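Chemist: Provide a 3D model corresponding to the input given below.
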Amino acid sequence: MTPLHVLIVDDEPAIRSGIRKLLSSLPDIQVAGECQSAAEAVQTIQRGGIDLVLLDIHLPDASGLDVVRSVGAEQMPLLVFVTAYDEHAIEAFELNALDYLLKPLDEDHLERALKRARERLASNGQHAVVEQLQSLLATYRPKGPERFVVHKTNHYEFVSSDSIDWIESADNYVELHCGNKTHLLNETMSGIEQRLDPKKFLRIHRCHIVNTTRITAIHPLTGGTYELEMQHGARLTSGRNFTHAIRLLLGR
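Modeler: Here you go, the predicted model:
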């Protein structure tokens, strides 16, 4: 039987090690690589040679769905999502008939997922999987990453999304304002907006995204714009194109 080349994507070394150990005990399985971030996963998948990806839905730099978006549903190998219990994600996977595994992984469940992957490869069922992935991308939006990895001069810092007061555009970067600290992140405003939890973060200007839980007051201005008073003293003016978003926030 032709070996099934499997890529493991998870940011936790212990989880990757556990998955690798389970796979090593199974016949005709070859671990084609391991990735600990979404960016690394995208690059590895695009190089080719992968039959199946075991993909963590929550990664530090993006979500598993962001990996699929970056690669493209049509170019994705077969896919099994791996997640700690996440009711919202699980409902989305089941709705779109996509395989998922819950952490900690169970050998029997893993074997069944691998068997289904082989059956789909044998029956050329990738077309159906592409449609399922496209449907998932259209209907499901993850809550957003719990933290961002920020590259400093000689080290990396982890910045919790909950600690962010507001975000400001800085050319091809964004500045994360967290109390009296500011972190520069290699990301665009449109890119980070797509990744953030829309229930918590709101775009109020082409240059500003705010954490709505950090707003202390909103002051109407002339011309349909608003001034948002933030915790820690920042005052941000909304753009005219974002008036409707502010009014929805105010319940008007």
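Chemist: pLDDT below threshold where in the chain?
Modeler: Where the chain drops to pLDDT under 70, the residues are 1, 125, 141-144, 252.
Chemist: now the phi/psi pair for residue 24, please.
Modeler: Per-residue torsions, residue 24: phi -70, psi -20 (degrees, to the nearest 10).
Chemist: Three-state assignment for residue 81, please.
Modeler: Following DSSP: H, G, I helix; E, B strand; the rest coil, we place residue 81 in the strand state.
Chemist: which of the three states applies to residue 109?
Modeler: Going by three-state DSSP: residue 109 is helix.
Chemist: please identify the helix or strand for residue 65.
Modeler: helix 64-71 (DSSP states H and E).
Chemist: what helices or strands is that helix leaning on?
Modeler: helix 38-47, strand 52-56, helix 126-139 (3 or more Cβ pairs under 8 Å, 6 or more residues apart in numbering; DSSP states H and E). Yep, even glycine has a C-beta here, placed from its N, CA and C like the rest.
Chemist: deepest-packed of the ones you listed, please.
Modeler: strand 52-56 (a mean of 27; mean count of other Cβ atoms under 10 Å).
Chemist: thinking again about what came up before, need the residues that contact the helix holding residue 65.
Modeler: Contacts to helix 64-71, defined as Cβ atoms under 8 Å, 6 or more residues apart in numbering, come from residues 9, 38, 41-42, 45-46, 55-59, 76, 79, 81, 133, 136-137, 140-142, 194-195.
Chemist: quick check: angle from that helix to helix 126-139?
Modeler: Here helix 64-71 runs at an angle of 120 degrees relative to helix 126-139 (axes from the mean of the first three to the mean of the last three Cα atoms, to 10 degrees).
Chemist: for helix 64-71, C-alpha coordinates in PDB please.
Modeler: Output of helix 64-71 as PDB, limited to C-alpha atoms (Å, rounded to 0.1, in the frame of the first residue of the first chain):
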ATOM      1  CA  GLY A  64      -6.400  26.700  10.800                       C
ATOM      2  CA  LEU A  65      -9.000  28.300   8.600                       C
ATOM      3  CA  ASP A  66      -6.500  31.000   7.700                       C
ATOM      4  CA  VAL A  67      -4.200  28.300   6.500                       C
ATOM      5  CA  VAL A  68      -6.900  27.000   4.200                       C
ATOM      6  CA  ARG A  69      -7.600  30.500   2.900                       C
ATOM      7  CA  SER A  70      -4.000  31.200   2.200                       C
ATOM      8  CA  VAL A  71      -3.300  27.900   0.400                       C
END
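Chemist: using TSV, please lay out the helices and strands packed on helix 64-71 together with distance to residue 15.
Modeler: Below are the helices and strands packed on helix 64-71 laid out as TSV (distance: least, Cβ to Cβ, whole Å):
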stretch	distance to residue 15
helix 38-47	14
strand 52-56	8
helix 126-139	22
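Chemist: now the strands: where do they sit in the stretch 151-252 of the chain?
Modeler: Under the criterion DSSP state E, counting those that start in this stretch, the stretch 151-252 of the chain contains strands at 156-160, 166-170, 173-178, 181-185, 201-205, 208-211, 215-220, 226-230, 235-237.
Chemist: okay, those in CSV with distance to residue 101 and mean neighbour count next?
Modeler: Listed next are the strands of the stretch 151-252 of the chain as CSV, based on distance: least, Cβ to Cβ, whole Å; neighbours: other Cβ atoms under 10 Å:
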stretch, distance to residue 101, mean neighbour count
strand 156-160, 26, 12
strand 166-170, 33, 19
strand 173-178, 32, 20
strand 181-185, 31, 14
strand 201-205, 29, 22
strand 208-211, 32, 22
strand 215-220, 39, 12
strand 226-230, 41, 18
strand 235-237, 42, 14
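Chemist: would JSON lines of those strands with distance to residue 128 be doable?
Modeler: Shown next, in JSON lines, are those (distance: least, Cβ to Cβ, whole Å):
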{"stretch": "strand 156-160", "distance to residue 128": "38"}
{"stretch": "strand 166-170", "distance to residue 128": "39"}
{"stretch": "strand 173-178", "distance to residue 128": "38"}
{"stretch": "strand 181-185", "distance to residue 128": "37"}
{"stretch": "strand 201-205", "distance to residue 128": "34"}
{"stretch": "strand 208-211", "distance to residue 128": "37"}
{"stretch": "strand 215-220", "distance to residue 128": "45"}
{"stretch": "strand 226-230", "distance to residue 128": "46"}
{"stretch": "strand 235-237", "distance to residue 128": "46"}
